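> Dropping the sequence and predicted coords here.
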Amino acid sequence: MDQSPSEVPYGTLDLMVLKTLQAMGPLHGYAVARRIEQIAQGSLALNQGTIYPALLRLEQRGWIESEWGTSENNRRAKFYAITRAGRKQLAAEAENWARTVAMVSRLLDEQS
Amino acid sequence: MWTFLRIASSRVRGWFRQRSRDAELSDEIQAHLECLADEYARRGLSRDDARAAARREFGGVEHMKERYRDQRGLPWVDSVLQDLRYATRTLRRSPGLASMAIVSLALGIGATTAVFSVLNAVTLRPLPVPEPDRLVQLVPQHQGKRWILFNPIFEELRRRQRALSGMFAANDEGFVPVAFDGKTAVYLRASSVSGGYFSVLGLSPAAGRLLTEQDDQIGGRDGCVLVISDGLWAGRFDRDPGVIGSSIQVRTDACTIVGVTPAGFGSHRTGFSPDIWMPLRARTDPKLLASHTMAFFSGVIGRLQPGVSVSQAEAELTTLYQQIQRSEPPSSIRADALIMHLAPGAQGLDTLRTRFGQPLRVAVSVVGVVLLIAALNVATLLLARGTARGPELATRAALGAGRGRLARQLATEGILLVSVGGAIGVSLAYAVTPALGSLVLPHGLDTAPDGRVLAVALGASALAALLAGVLPAVRLSRVALHAGMASEGRATASRGGQRLTRALVTAQLALSLILVTASGLLLRTMIRIAGIDPGFQPDHVVVLQVHDETPGSSFNTPDTADAKARRAAVYRSVEDRLSGLPGVRAASLSWLTLFGGSDLWLAMIDADRPESREQARVDYVSSRYFDTVGMRILRGRDFAADDREGTPRVAIVNETFARQRYGGDAIGHRFALDYFSERNRPLTVVGIVGDSKYNDLREGRIEPMVWVPLAQAPSRVSSVSLRVAPGREGAVVHRAEEVLSATAPQVMVRKVTTLAAQVDDTTSRERVLLQLASGFGGLALLLASVGLYGTLAYTVARRRREIGVRLALGAQRHTVLRMVMGDALRLVGVAVAVGVPLALMSAATLRAFLFGVEPRDAATLTGACVVLAMVAIAAAYVPARRAADVDPIVALRYE
């Protein structure tokens, strides 16, 4: 199998952002992107810019909220935090994800 | 759902705060990039390299922003607004085209909506009652022909049937004299209805109560009750609730107002809105109620029981009807040939539909064709102009505008025109529909727009938008992609685009031919009708349609001799005093009205052949009648003042009567009218008048007719005619009404008109259709010629250089002229080939309105084609001239 970094599967970016915000507390866009890259350890090709449409999407749905603040190196930055609805959504999505993964791996195991 | 709403509201907010949000986003991205650059710098890259690396890692900034914006705001609103701004700007640059397009679309959409509103009111709109679809009309038939339901059978049927939850009979009267507070009586419209009327219709009163079965008992005339309409309540009583219980005088009876019908309810008949409702049985002579030969109501309506189908009800009612008929005294009616047919009753008793349904459908088709032409016309003009914009479009396409995006932008122009035109058209329709409706019916027609009207208005606009907006857009956007920018203005008109434009122009010409042909046929009809000699002189004759409201005689009981003598005296004095009015040349009274739609036939008992019973039309007239209406006495003498009660009884007959009965010379022959007291009192023929039309100019055969002096047989008159000096009509009417109310107050005026108007009224449908077809036919021709002109003018402009080369090489100017004209005539040729079959098909639907000309009339069709060709030549001449006038030198330098 090809070892080059895979594309971000559709919809999982939202999930990753939510999880990151839940785990780390309020972060600005750069920190979110960085954190996701660190976790993925190079196995994900992420244009950092794509994080912003995702953040907007989540905010429009009311799962995260944003506020302008000052970053650790004294820059003006917009900080995003997960909301209650976001936590609920994350729980549901995570469970859904786990089920899907389990199902797919069972399928793959059986066929091999 | 909540999520959806939250996203939507966020997007709308985002759309409104675009600028500040854009700045925020830029800040955010800037911060991000700097963080990234810091990171790279820490890893040891130079400042510039770090920045470059940061950008690389971030990805396309503008691309991201674009996505972000699309997601944040309402991108389609943005692009629609952009298109609209662009379209407005483009159209403003050619105001002539824009206003022409808007006016023609407004007329097309407006006329379609207005005429459909009237058609809707006449043939589609149900009565404003609950569940109108459950109403049925009871239509008795005997051996397949419409039969009459006499009251005793109606009562029996009503009592025994179970399929209907109720049924009622109604009789409508346009003129019932009613006096309020003992003042002079005025005419009101009245419905006499049987007791179940309001419960079957399912109405609740606006005040008081409505009529019930208890009100409708035989002989209930003494405690007469009635219900008034909401309109009368508002108009005369200012909606005073205290009017309930008060009394008004209907004819000779004092009747108590017990309630008011709900607002918006007209009656059981489309287009008839009575002022009062009275109980039918209570108001009808008991002898008439028991009659098996005289009917006194115009129709019966029932409401189906829940769950009962029309066919079930029909079966039950037919069985009962036959049973009841069998138990009746024997007659010529075959009980087993009787059927109780149930016709849809949602519109109530159907009268308007039969009269106006067909002409209105024709009218809707006419305006529909105009709408089609208008839309095609706009499409042609946009297409022709759009083709000229080829280079611009090609540039846009080259700069990355997708075909869909281009098409949408082009379509916006057409759709903008249609929207403006449609809005103007629909407001126009809203304004003129009541007036149009009153052409069909002077009052009582509810033409207020409803869902159906709205649907038609929208549908018409959508069709126009499709043709005028989408069609050229799709075509042009394709052209734009094909055309290279390098080709400048020349090659951009691809052959396909040209072909489409020419097809559109041809279609307009072909459709115009339909309307021109229809106008031609109707025009010839009207000319034929105008050429008919009615046999009398209808000009300058004022007619007062009246009714003698003297109480007295009733069903089966003729007037007493005394009453007749009094009446004769009153009529004579009316005639004398009217004849003496200034400006009046002759005045007379008559029983019937010429061209009034009524006629009476009686059998004649010839004195020499007592067994003969030949029928003839009869009228009773006062002595100056023939002078008044302008009929000529051919032989013998006119009636004279001496022809009165006590002198020998006389009659005047028409030529046809004299010829058919007496071989020409009827003078001196004697016959009696087969009618009650007349049977034994023969009349002597003293004069013969020339034949004349009676109720319609188109009557093919003249019927035998007899006139009897009113003084010798004083029937109640229905018409007062005055031959007046030209121009004195208006002045005379007022004086005549004064004379009538002073001399004979019981003779009440129902309608003031002229004989000429009565004659014209019989062909009013044809005339209105002619006006409509010719007016819109002219518009259609104008539009089509503008389309043709535009197309040719564009072609000529495009071929300027080619024409210049030809001329430079020695071509003659008239050859060039002929080339362009020939081009136009080829289009006309195709249009005629397509249009003639269409015109023939459409003409067939006009058959009912034509007279003296066949729908397939070759001369008319040829004439229409010639008109079309001439208009086309006129439209083509200017561009052709311009082509011939091309200066080769200028043309060759031009590009």
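Thanks, I have it.
> What ranges does chain A have for its helices?
Listed in chain order, the helices of chain A (DSSP state H) span residues A:12-24, A:29-40, A:51-60, A:84-111.
> And the average pLDDT for the second one is what?
Computed over helix A:29-40, the mean pLDDT rounds to 84.
> go on, stretch B:50-61?
Computed over stretch B:50-61, the average pLDDT equals 83.
> Then stretch B:250-262?
For stretch B:250-262, the mean confidence score works out to 90.
> my read: B:Thr795 touches B:Ala824, true?
No: using CB atoms under 8 Å as the test, B:Thr795 is too far from B:Ala824 to be in contact (9.9 Å). For glycine as for every other residue, the C-beta is placed from the backbone atoms N, C-alpha and C.
> Which of these two has more residues huddled nearby?
Ranked by neighbour count (other CB atoms under 10 Å in any protein chain shown), B:Thr795 and B:Ala824 place B:Ala824 first, with 26 against 20.
> What separation do you get for the more buried one and chain A?
Distance of B:Ala824 to chain A, given as CB to the nearest CB, to the nearest Å: 58 Å.
> per-residue confidence at that residue?
So B:Ala824 comes in at 90 (pLDDT).
> Please list all residues in contact with it.
Shown in contact with B:Ala824 (CB atoms under 8 Å, 6 or more residues apart in numbering or on different chains): B:Leu788, B:Leu792, B:Ala872, B:Ile873, B:Ala875, B:Ala876, B:Ala880.
> could you pull out the strands for the stretch 551-700 of chain B?
For the stretch 551-700 of chain B, applying DSSP state E, counting those that start in this stretch gives strands covering B:584-590, B:601-606, B:614-621, B:633-636, B:650-654, B:670-673, B:683-689.
> would JSON lines of those with mean pLDDT be doable?
Putting these into JSON lines (pLDDT from 0 to 100) gives the following:
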{"stretch": "strand B:584-590", "mean pLDDT": "95"}
{"stretch": "strand B:601-606", "mean pLDDT": "88"}
{"stretch": "strand B:614-621", "mean pLDDT": "92"}
{"stretch": "strand B:633-636", "mean pLDDT": "94"}
{"stretch": "strand B:650-654", "mean pLDDT": "95"}
{"stretch": "strand B:670-673", "mean pLDDT": "92"}
{"stretch": "strand B:683-689", "mean pLDDT": "95"}
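> So which of those is the most surrounded?
Across those, averaging neighbours per residue (mean count of other CB atoms under 10 Å in any protein chain shown) puts strand B:650-654 on top, at a mean of 26.
> From the contact counts, what lies against that one?
With contacts taken as 3 or more CB pairs under 8 Å, 6 or more residues apart in numbering or on different chains; DSSP states H and E, strand B:650-654 sits against strand B:683-689, strand B:705-709.
> before we move on, the earlier item: could I get the strands of the stretch 551-700 of chain B as JSON lines with distance to B:Ala473?
Supplementary listing: the strands of the stretch 551-700 of chain B in JSON lines, determined by distance: least, CB to CB, whole Å:
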{"stretch": "strand B:584-590", "distance to B:Ala473": "68"}
{"stretch": "strand B:601-606", "distance to B:Ala473": "67"}
{"stretch": "strand B:614-621", "distance to B:Ala473": "66"}
{"stretch": "strand B:633-636", "distance to B:Ala473": "73"}
{"stretch": "strand B:650-654", "distance to B:Ala473": "69"}
{"stretch": "strand B:670-673", "distance to B:Ala473": "77"}
{"stretch": "strand B:683-689", "distance to B:Ala473": "71"}
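> out of these, nearest to B:Phe150?
Of all those, it is strand B:601-606 that lies closest to B:Phe150, at 21.7 Å by CB to CB.
> host element of B:Val139?
strand B:135-142 (DSSP states H and E).
> Parallel or antiparallel, list what pairs with that strand.
Sheet pairing of strand B:135-142 (DSSP bridges) gives strand B:145-146 (antiparallel), strand B:299-304 (antiparallel), strand B:338-344 (antiparallel).
> I'd like those laid out as a markdown table, including mean neighbour count and mean pLDDT.
Below are those laid out as a markdown table (neighbours: other CB atoms under 10 Å in any protein chain shown; pLDDT from 0 to 100):
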| stretch | mean neighbour count | mean pLDDT |
| --- | --- | --- |
| strand B:145-146 | 8 | 85 |
| strand B:299-304 | 23 | 93 |
| strand B:338-344 | 19 | 92 |
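> Now distance to B:Thr656 too, for those strands, in TSV please.
As requested, the strands paired with strand B:135-142 are exported to TSV (distance: least, CB to CB, whole Å):
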stretch	distance to B:Thr656
strand B:145-146	28
strand B:299-304	36
strand B:338-344	38
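> out of the ones you listed, which comes closest to B:Ala190?
When the strands paired with strand B:135-142 are compared (using CB to CB), the closest one is strand B:299-304, at 15.6 Å.
> Name the surrounding residues that touch the helix or strand following the closest one.
Per DSSP H and E, the first helix or strand lying C-terminal to strand B:299-304 is helix B:310-326. For helix B:310-326, contacts defined as CB under 8 Å, 6+ apart pick out B:136, B:138, B:140, B:153, B:156-157, B:160-164, B:302, B:304-305, B:333, B:335-336, B:338-342.
> right, and B:Gly636 touches B:Val689 too?
No: B:Gly636 is beyond contact range of B:Val689, at 9.1 Å (criterion: CB under 8 Å).
> Next, show the common contact partners of the two.
Contacts common to B:Gly636 and B:Val689, judged by CB under 8 Å, 6+ apart, are B:Ile652.
> Could you check the angle the strand holding B:Val139 makes with helix B:310-326?
40 degrees (axes from the mean of the first three to the mean of the last three CA atoms, to 10 degrees).
> CA atoms of stretch B:109-128 as PDB?
Extracted C-alpha coordinates of stretch B:109-128, given in PDB (Å, rounded to 0.1, in the frame of the first residue of the first chain):
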ATOM      1  CA  ILE B 109     -49.100  38.700 -19.400                       C
ATOM      2  CA  GLY B 110     -51.600  41.300 -18.300                       C
ATOM      3  CA  ALA B 111     -54.100  40.500 -21.000                       C
ATOM      4  CA  THR B 112     -53.800  36.700 -20.300                       C
ATOM      5  CA  THR B 113     -54.300  37.200 -16.600                       C
ATOM      6  CA  ALA B 114     -57.200  39.600 -17.000                       C
ATOM      7  CA  VAL B 115     -59.100  37.500 -19.600                       C
ATOM      8  CA  PHE B 116     -58.400  34.400 -17.600                       C
ATOM      9  CA  SER B 117     -59.800  36.100 -14.500                       C
ATOM     10  CA  VAL B 118     -63.100  36.600 -16.200                       C
ATOM     11  CA  LEU B 119     -63.100  33.100 -17.600                       C
ATOM     12  CA  ASN B 120     -62.300  31.800 -14.100                       C
ATOM     13  CA  ALA B 121     -65.100  33.800 -12.600                       C
ATOM     14  CA  VAL B 122     -67.600  32.600 -15.300                       C
ATOM     15  CA  THR B 123     -66.700  28.900 -15.700                       C
ATOM     16  CA  LEU B 124     -64.400  27.800 -12.900                       C
ATOM     17  CA  ARG B 125     -65.000  29.600  -9.600                       C
ATOM     18  CA  PRO B 126     -67.200  27.600  -7.300                       C
ATOM     19  CA  LEU B 127     -70.000  29.200  -5.200                       C
ATOM     20  CA  PRO B 128     -68.700  30.600  -1.900                       C
END
